[in-house]
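No sequence on hand, only this structure:
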């Protein structure tokens, strides 16, 4: 399980481990991480250290208080502001990586904890028959549950489908000059942010839905934290459409001959 509030760290770590044959689950905050880990009992946890405490405890301390999860090894990802002394309840098998790190370092740490036989077993080959450069696909759970181009399928359609399917995760939306993140819990957008222009909440959703080009990428995983957006997804879509129509109408008034 990969636990980090940075979706880019989630993406690169999960992609690397997935290509090696591991099944990867994601969590973006301590609440979601504790819930997923307690339910699935992963073989290994890769987690950021700089995450909010839960009732005064780090989420992995709470997890290790459960007898069934006490022995799960952890790879701690340290930022420049983190110190090894801040990691409480570390076990002998735990290891640390300093951000930024190379994927080769992550591979080395995972193999040292789990052993190379774990990946080989997933594809049914003994260790001697698997060359190091081979990336097995069996057992690989793709990081992206849904990926596409906005000009081929609109974000309104994507969000409508995710609402009906009650999906949870992070919808990453990117274009050449901007990016946005929409956090979904059971199909509802509960938080959102956009970097250009810098917007959060419902305003970020409306801005993102107005984009005509770019890509979207759905990262499946439990989403914790508070619901900053209390509006139903259907209403967000209707309001975004209304705002877009209003913007287009203003353009027509300014330039009657323009084609939109």
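Structure's in. What do you need? Just so we're clear, the structure is a prediction, and the values are computed from it rather than from any experiment.

According to the record, where do the domains of this protein fall?
Domain assignment for the chain, taken from automatic domain parsing, gives 2-129, 144-254.

Same question for stretch 233-242: list its buried residues.
Of the residues in stretch 233-242, those with enough neighbours to count as buried (16 or more other CB atoms under 10 Å) are 233, 236, 237, 240. No exception for glycine: its C-beta is placed from N, CA and C like everyone else's.

Reformat these as TSV; add pLDDT.
As requested, the buried residues of stretch 233-242 are exported to TSV (pLDDT from 0 to 100):
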residue	pLDDT
233	89
236	92
237	91
240	90
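
coming back round to it: among the domains of the chain, which gets the worst mean confidence?
Lowest mean pLDDT within the domains of the chain: domain 2-129, at a mean of 78.

what separates it from the chain centre, distance-wise?
Computed by CA atoms, centre = their mean, to the nearest Å, the separation of domain 2-129 from the middle of its chain amounts to 14 Å.

same thing with stretch 165-178?
On CA atoms, centre = their mean, the centre of stretch 165-178 falls 10 Å from that of its chain.

For residue 50, which three-state class applies?
Under DSSP: H, G, I helix; E, B strand; the rest coil, residue 50 falls in the coil class.

mind listing the helices for the protein?
All helices of the chain, identified by DSSP state H, fall at 7-19, 30-40, 59-64, 103-114, 117-123, 155-165, 201-209, 233-254.

tell me which residues of the shortest one are tucked away?
Residues 59, 60, 62, 63, 64 are the ones in helix 59-64 that count as buried (16+ other CB under 10 Å).

Columns distance to residue 107 on top of those, output as TSV?
Shown next, in TSV, are these (distance: CB to CB, whole Å):
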residue	distance to residue 107
59	25
60	22
62	29
63	24
64	25
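
Show me which of the residues you listed is closest to residue 152.
residue 59 (38.7 Å; CB to CB).

what about that closest one, distance to residue 232?
When CB to CB, to the nearest Å is applied, the distance between residue 59 and residue 232 equals 30 Å.

again, but for residue 92
The spacing between residue 92 and residue 232, counted by CB to CB, is 49 Å.

Ok, residue 198 next?
Remark: distance between residue 198 and residue 232 (CB to CB) = 25 Å.

If you count surrounding residues, which of these two has more?
A side-by-side neighbour count of residue 198 and residue 232, using other CB atoms under 10 Å, places residue 232 first with 13 against 10.

my guess is that one meets residue 188, correct?
Yes: between residue 232 and residue 188 there is a contact at 6.9 Å, judged by CB atoms under 8 Å.

Tell me where the stretch 51-200 of the chain has strands.
Assigned by DSSP state E, counting those that start in this stretch, the strands in the stretch 51-200 of the chain fall at 74-78, 95-98, 144-149, 169-175, 178-185, 188-194, 199-200.

So which of those strands is nearest residue 228?
Counting by CB to CB, residue 228 lies closest to strand 188-194 out of these; the figure is 4.8 Å.

Could you measure from residue 247 over to residue 15?
37 Å.

higher neighbour count, these two?
Relative neighbour count places residue 15 above the other of residue 247 and residue 15, with 16 against 11, counting by other CB under 10 Å.
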